[in-house]
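In: Provided below for reference: sequence and predicted model.
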Number of protein chains: 2
Amino acid sequence: MTTARGQETRERIVRAAAELFHLHGYYHTSIDAILQRAGVKKGNLYFHFRNKEELGYAVVEWFAAQFRDIFARTTGSAATLREQIRAFFGAMEAYHLEHRFQGGCPFGNLALEMGDNHPGMADHVDTVFRYFEGAIARLVEAAKERGEVRPEVDSEQLAQFILSTFEGATLITKVRKEITAFRHCREAVDAFLATLQPTPQGLAA
Amino acid sequence: MTTARGQETRERIVRAAAELFHLHGYYHTSIDAILQRAGVKKGNLYFHFRNKEELGYAVVEWFAAQFRDIFARTTGSAATLREQIRAFFGAMEAYHLEHRFQGGCPFGNLALEMGDNHPGMADHVDTVFRYFEGAIARLVEAAKERGEVRPEVDSEQLAQFILSTFEGATLITKVRKEITAFRHCREAVDAFLATLQPTPQGLAA
């Protein structure tokens, strides 16, 4: 059984690891660096995590919780699909600017850094991608019901497209250390969503 | 001066490094593994490259040459912008299937794997991204001249959007080991391009 104090120590370790992995990558971050940043002893870490890989999975979970919150908050405060997607991209744009383009997408980073060497990590990251795909697809379905999107639009396909554009724009923004590509992609996604609205009456083919 | 034989040795080293970096990542690939695969001695490698990082830059160049060729060949054999983009995505889809989803995008991989620790590598990778952005933007400009795309479409923005979607779809395909997301993105990009065609006469606002 883990005590409240043990739980707090675990969280300190995960947060320290998350910040270091995000800035420097998984392989570039030593266990010692994590211990130092968290201010805990090696025994504490190995009480909670068998190895660095298991800590990596906890870090994916930690980031996923943050991004799920941002997604829920931004999309929940907007009325239409276009506003929802603009709000989420907008929050992420602010995030990149605030972090001066360091970090990028923690899930994309981990997935590409670990390559094909860690199928377990790829699966963990994919769980996060599938969560966001599903969440976006549900927004599209709700938009269809409100009459904002034509019924024949494939929600799953559109969700994969938006997520892919988002991941690619984040990657290029991280490489380039400036926001233009990300902003251009937000505008292009918005322009595409505008074309999916039902044809105005009277213009119907 | 490098002899023809020296040049051949250099190419063998770069090819071996490219294949290993692509499969296992930069950090996971040792100099010894590269020497073994290339069948050359350590002295040969250090005659051509000061260190692993310099070899990494040569690998970026090697991959860039391959992908520039594929891009030129596929887009050169198609008549319209939509056909050109479909042809390039199609060739890349075949590439993923042939490689059983291992590898992914060598530029995206290197950029995210090396994170913010190697700004030099980020710059090299960005040079490749900018090349493809420019090449796509020129295709869009040519399509405008042929009357396939409305003149007010921003070529640079559209090129960044297509490249970002391509990179993101490649990342998700690599994580997921199946082609659906990539194919969905190709179809969505195609659908978006269709909406950029000039309004048919008689329907003009």
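Out: Arrived safely. Residues are numbered from 1 along each chain as shown, chains lettered A, B, ... in the order given.
In: domain ranges for chain A?
Out: As assigned by automatic domain parsing, chain A contains the domains A:1-49, A:59-195.
In: Make a markdown table out of the ones you listed and add distance to B:L97 and mean pLDDT.
Out: Glycine gets a C-beta too; all of them are placed from N, C-alpha and C. Converted to a markdown table, the domains of chain A look like this (distance: least, Cβ to Cβ, whole Å; pLDDT from 0 to 100):
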| stretch | distance to B:L97 | mean pLDDT |
| --- | --- | --- |
| domain A:1-49 | 29 | 93 |
| domain A:59-195 | 16 | 94 |
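In: Ok, which of those comes nearest chain B?
Out: domain A:59-195 (3.2 Å; Cβ to the nearest Cβ).
In: Scan chain A for its longest helix.
Out: Taking DSSP state H as the criterion, chain A has its longest helix at helix A:119-145.
In: for it, packing partners?
Out: Applying 3 or more Cβ pairs under 8 Å, 6 or more residues apart in numbering or on different chains; DSSP states H and E, we find helix A:119-145 packed against helix A:52-76, helix A:81-98, helix A:106-114, helix A:155-176, helix B:155-176.
In: Alpha carbons of the last one, as PDB, please.
Out: To tie it back to what came earlier, the one meant is helix B:155-176. This file holds the C-alpha atoms of helix B:155-176, laid out as PDB (Å, rounded to 0.1, in the frame of the first residue of the first chain):
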ATOM      1  CA  SER B 155       0.800  29.000 -51.800                       C
ATOM      2  CA  GLU B 156       3.300  29.100 -48.900                       C
ATOM      3  CA  GLN B 157       0.500  28.500 -46.300                       C
ATOM      4  CA  LEU B 158      -1.000  25.600 -48.400                       C
ATOM      5  CA  ALA B 159       2.500  24.000 -48.800                       C
ATOM      6  CA  GLN B 160       3.100  24.200 -45.000                       C
ATOM      7  CA  PHE B 161      -0.300  22.600 -44.400                       C
ATOM      8  CA  ILE B 162       0.300  19.800 -46.800                       C
ATOM      9  CA  LEU B 163       3.800  19.100 -45.400                       C
ATOM     10  CA  SER B 164       2.600  19.200 -41.800                       C
ATOM     11  CA  THR B 165      -0.200  16.800 -42.500                       C
ATOM     12  CA  PHE B 166       2.300  14.500 -44.300                       C
ATOM     13  CA  GLU B 167       4.700  14.600 -41.400                       C
ATOM     14  CA  GLY B 168       2.000  14.000 -38.800                       C
ATOM     15  CA  ALA B 169       0.500  11.200 -40.800                       C
ATOM     16  CA  THR B 170       3.900   9.600 -41.200                       C
ATOM     17  CA  LEU B 171       4.500   9.800 -37.400                       C
ATOM     18  CA  ILE B 172       1.100   8.200 -36.500                       C
ATOM     19  CA  THR B 173       1.700   5.500 -39.200                       C
ATOM     20  CA  LYS B 174       5.100   4.600 -37.700                       C
ATOM     21  CA  VAL B 175       3.600   4.500 -34.200                       C
ATOM     22  CA  ARG B 176       0.600   2.500 -35.200                       C
END
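In: May I have the residues that are in contact with the most centrally placed residue in chain A?
Out: With distances taken as Cα atoms, centre = their mean, A:F67 lies nearest the centre of chain A, 5.3 Å away. Neighbouring residues of A:F67 by Cβ atoms under 8 Å, 6 or more residues apart in numbering or on different chains: A:V128, A:F132.
In: Let's see that with 10 Å instead.
Out: Taking Cβ atoms under 10 Å, 6 or more residues apart in numbering or on different chains as the contact definition, A:F67 lies against A:F88, A:A91, A:M92, A:Y95, A:C105, A:P106, A:F107, A:V128, A:Y131, A:F132.
In: tally of neighbours for the last one?
Out: By other Cβ atoms under 10 Å in any protein chain shown, 20 other residues sit near A:F132.
In: by contact count, what packs against the helix or strand hosting A:L193?
Out: Assigned by DSSP states H and E, A:L193 belongs to helix A:180-195. Applying 3 or more Cβ pairs under 10 Å, 6 or more residues apart in numbering or on different chains; DSSP states H and E, we find helix A:180-195 packed against helix A:81-98, helix A:155-176, helix B:155-176, helix B:180-195.
In: so who does the closest residue in space to A:A188 that isn't next to it in sequence touch?
Out: Nearest residue to A:A188 in three dimensions, chain neighbours excluded: B:F161, at 3.8 Å (Cβ to Cβ, 6 or more residues apart in numbering or on different chains). Contact analysis of B:F161 by Cβ under 10 Å, 6+ apart lists A:165, A:168-169, A:181, A:184-189, A:191-192, B:133, B:136, B:154, B:189, B:192.
In: ok, now A:E133?
Out: A:D126, A:S155, A:E156, A:L158, A:A159, A:Q160, A:F161, A:I162, A:L163, A:S164, B:I172, B:A181.
In: burial count for the residue lying closest to it once chain neighbours are set aside?
Out: Sequence neighbours aside, A:A159 is the residue nearest to A:E133 in space, at 4.6 Å (criterion: Cβ to Cβ, 6+ apart). A:A159 has 23 neighbours, counted by other Cβ under 10 Å.
In: May I have the helix holding A:L193 as PDB, with CA atoms only?
Out: Listed in PDB are the C-alpha atoms of helix A:180-195, where the atom choice follows Å, rounded to 0.1, in the frame of the first residue of the first chain:
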ATOM      1  CA  THR A 180       4.300  30.600 -38.500                       C
ATOM      2  CA  ALA A 181       3.800  27.000 -39.700                       C
ATOM      3  CA  PHE A 182       1.600  26.200 -36.700                       C
ATOM      4  CA  ARG A 183      -0.500  29.300 -37.200                       C
ATOM      5  CA  HIS A 184      -0.800  28.600 -41.000                       C
ATOM      6  CA  CYS A 185      -2.000  25.000 -40.200                       C
ATOM      7  CA  ARG A 186      -4.600  26.300 -37.700                       C
ATOM      8  CA  GLU A 187      -5.900  28.600 -40.400                       C
ATOM      9  CA  ALA A 188      -5.900  25.900 -43.100                       C
ATOM     10  CA  VAL A 189      -7.700  23.400 -40.900                       C
ATOM     11  CA  ASP A 190     -10.300  26.200 -40.200                       C
ATOM     12  CA  ALA A 191     -10.700  26.900 -43.900                       C
ATOM     13  CA  PHE A 192     -11.100  23.200 -44.500                       C
ATOM     14  CA  LEU A 193     -13.800  22.900 -41.800                       C
ATOM     15  CA  ALA A 194     -15.600  25.800 -43.400                       C
ATOM     16  CA  THR A 195     -15.900  23.800 -46.600                       C
END
